[in-house]
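[1] sharing a model that was predicted from the sequence below.
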Amino acid sequence: MRVTFPHMGNLHISLKAMFHYLGVEVVLPPPSSKRTLTIGVKYGPEFACMPLKLNLGNFIEACEMGADTIVMAGGCGPCRFGYYAQIEHAILKGLGYDMQLIVLEPPERHISELLVKIRRITGNRSWWRVIQAIRFGFQKARAVDEIEMAAFKIRPRELRAGSADEAYNRALELIDRASSMDELLANRKKAMEIMNGVAVDQNRRVLRVGIIGEIYTLLEPFANHALERQLGRLGAEVDRSIYLSEWVNDHLFLGLVKGLRSRKAACGAAFPYLRHFVGGHGQETVGSAVNYARAGYDGLVQVFPFTCMPEIVAESILPGVSGDFNIPVLTLIMDEHTGEAGLVTRLEAFVDLLERKKEFKEAFVQ
Ligand code: SF4
């Protein structure tokens, strides 16, 4: 069995670690690129949202490299995510790619439902080994999230342009390389030392921007044109409403790991703007907007793929949050036609607006 999975930010670091721990061969598709998107656009339905097209491109590129089994997450309505895996599988079959599909879905009743599907991949390896592998993958996700959070703080304050990104890449490499829990613990420490070693101006005045929206476009830099980096370079410290380890804890571990932000808390904060589930992360988007506004953030950027229904619902509600909390919101909708230059121009204008608003507020207080 030669397993592959779609890219979504740094997800591959955790999944690869988990499969290697179990001795399962992994075929990692090349990072998502223009080629990946072109393939996905060519064979995917025109009306499908961009993540489906990029996933499809990842699978075809992995199949060209010899992968024979796809492992991916599944979900439920009311958005289209629940159909993704089956549609992609049917398209691949139609194109002559004979691949086995294993869909890991949030367990409906018990975590054992998920473990049974994992056993399909791991064969007769012991349960203990499987649980250790999941734990190892999850710890890698935690380490990666920690490094990302550090990069978000350092980027707008770095003294030498590009030094935060260099440290970030080196730190991620260390986490990726760790092949045992002991090595991961040691490398996690070294990685944070690398991040903390970047020379910064602690007194620099920076803006704080919360990034909210649909999970795939939030986590995958190719899909969002490296939004976090662009904002960091423009002098904004960012935070993201969803991190990978939080998603795993909420959806696959049913919140077993304590001390992480939870979906439940974000959805609670959405009340009274949005009182029920609308699919995807629409409700979390609204709740996170409220939480960032309450925490004193200067602005919000909502990002989602063109035609993403849950985020369109959230978009229609965000002006109410923006008005009530006096916090500007910029909405960015991504598809295969989105160009980086146009996006950067919009971000520059938004950051200018936030700076002027902040200056005005400070002058008024004095
Ligand atoms: S959440 Fe949005 S982008 Fe994701 S599958 Fe649903 S409609 Fe598509």
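    That came through, no problem. As the structure is a computational prediction, the values presented were derived from the model and not from experiment. Residues are numbered from 1 along each chain as shown.
[2] and for whichever residue of the stretch 101-250 of the chain sits closest to the ligand, nearest residue in space, chain neighbours not counted?
    Residue nearest to the ligand within the stretch 101-250 of the chain: Glu214 (4.9 Å; Cβ to the nearest ligand atom). In this view, the C-beta of every residue, glycine as well, is placed from N, C-alpha and C. In space, and not counting its chain neighbours, Glu214 is closest to Phe304: 4.0 Å by Cβ to Cβ, 6 or more residues apart in numbering.
[3] just Asp165 next, same as before
    Counting by Cβ to Cβ, 6+ apart, the residue nearest Asp165 is Arg229, at 6.8 Å.
[4] ok so that neighbour is a strand residue?
    No - membership of Arg229 in a strand is not supported by DSSP: H, G, I helix; E, B strand; the rest coil, which gives helix.
[5] next up, the contacts around it.
    By Cβ atoms under 8 Å, 6 or more residues apart in numbering, the residues touching Arg229 are Arg155, Asp165, Pro221.
[6] pull the number of nearby residues for the first one.
    Which is Arg155. By other Cβ atoms under 10 Å, 29 other residues sit near Arg155.
[7] check the residue of the stretch 101-250 of the chain closest to the ligand and give its pLDDT.
    Glu214 is assigned 96 on the pLDDT scale.
[8] who's in contact with it?
    For Glu214, the contact set (Cβ under 8 Å, 6+ apart) comprises Pro51, Gly280, His281, Thr285, Val303, Phe304, Pro305, Cys308, Pro310, Glu311.
[9] of those residues, which are in range of the ligand?
    Filtering the contacts of Glu214 for neighbours of the ligand using Cβ under 6 Å from any ligand atom leaves Pro51, Gly280, Pro305, Cys308, Pro310.
[10] surely the last one meets His276?
    No - no contact is recorded between Pro310 and His276 when judged using Cβ atoms under 8 Å, the distance being 11.5 Å.
[11] what touches both of those two?
    Common neighbours of Pro310 and His276 (criterion: Cβ under 8 Å, 6+ apart): Gln283.
[12] where in the chain is pLDDT low?
    Along the chain, segments meeting pLDDT under 70 span 76-77, 106-110, 366.
[13] what does it have sitting close to the ligand?
    Residues of the chain lying close to the ligand by Cβ under 6 Å from any ligand atom are Cys49, Pro51, Cys79, Arg80, Phe81, Glu214, Tyr216, Gly280, Pro305, Cys308, Met309, Pro310.
[14] and if we set it to 5 Å?
    Cys49, Cys79, Arg80, Phe81, Glu214, Gly280, Pro305, Cys308 (Cβ under 5 Å from any ligand atom).
[15] how's the chain carved up into domains?
    Structural domains annotated on the chain: 3-125, 139-203, 206-365, as defined by the TED database.
[16] start and end of the first one, how far apart?
    As for domain 3-125, its first-to-last residue distance stands at 16 Å under the measure Cα to Cα, to the nearest Å.
[17] and what of the second one?
    Between the opening and closing residues of domain 139-203 we find a distance of 33 Å, counting by Cα to Cα.
[18] what do you get for the longest one?
    For domain 206-365, the separation between the terminal residues is 18 Å (Cα to Cα).
[19] check the offset of it from the chain's centre.
    12 Å (Cα atoms, centre = their mean, to the nearest Å).
[20] the stretch 51-200 of the chain: helices as residue ranges?
    Secondary structure of the stretch 51-200 of the chain by DSSP state H, counting those that start in this stretch: the helices cover 81-94, 111-122, 127-154, 163-177, 181-196.
[21] and the spatially most central residue of the chain, how far is that from Leu343?
    For the chain, the residue nearest the mean C-alpha position is Leu219 (2.3 Å; Cα atoms, centre = their mean). Per Cβ to Cβ, to the nearest Å, Leu219 is found 17 Å from Leu343.
[22] go on, Leu330?
    Applying Cβ to Cβ, the value for Leu330 to Leu343 is 10 Å.
[23] and for Gly57?
    In terms of Cβ to Cβ, Gly57 sits 21 Å off from Leu343.
[24] of these two, who's got more company?
    Taking neighbours as other Cβ under 10 Å, Gly57 and Leu343 compare with Gly57 leading, 27 against 18.
[25] count of residues packed around the residue nearest to Leu172 when sequence neighbours are not counted?
    Nearest residue to Leu172 in three dimensions, chain neighbours excluded: Ile147, at 6.1 Å (Cβ to Cβ, 6+ apart). Ile147: 24 surrounding residues under other Cβ under 10 Å.
[26] next one: Ile147 from Leu274, what distance?
    For Ile147 relative to Leu274 (Cβ to Cβ), the value is 32 Å.
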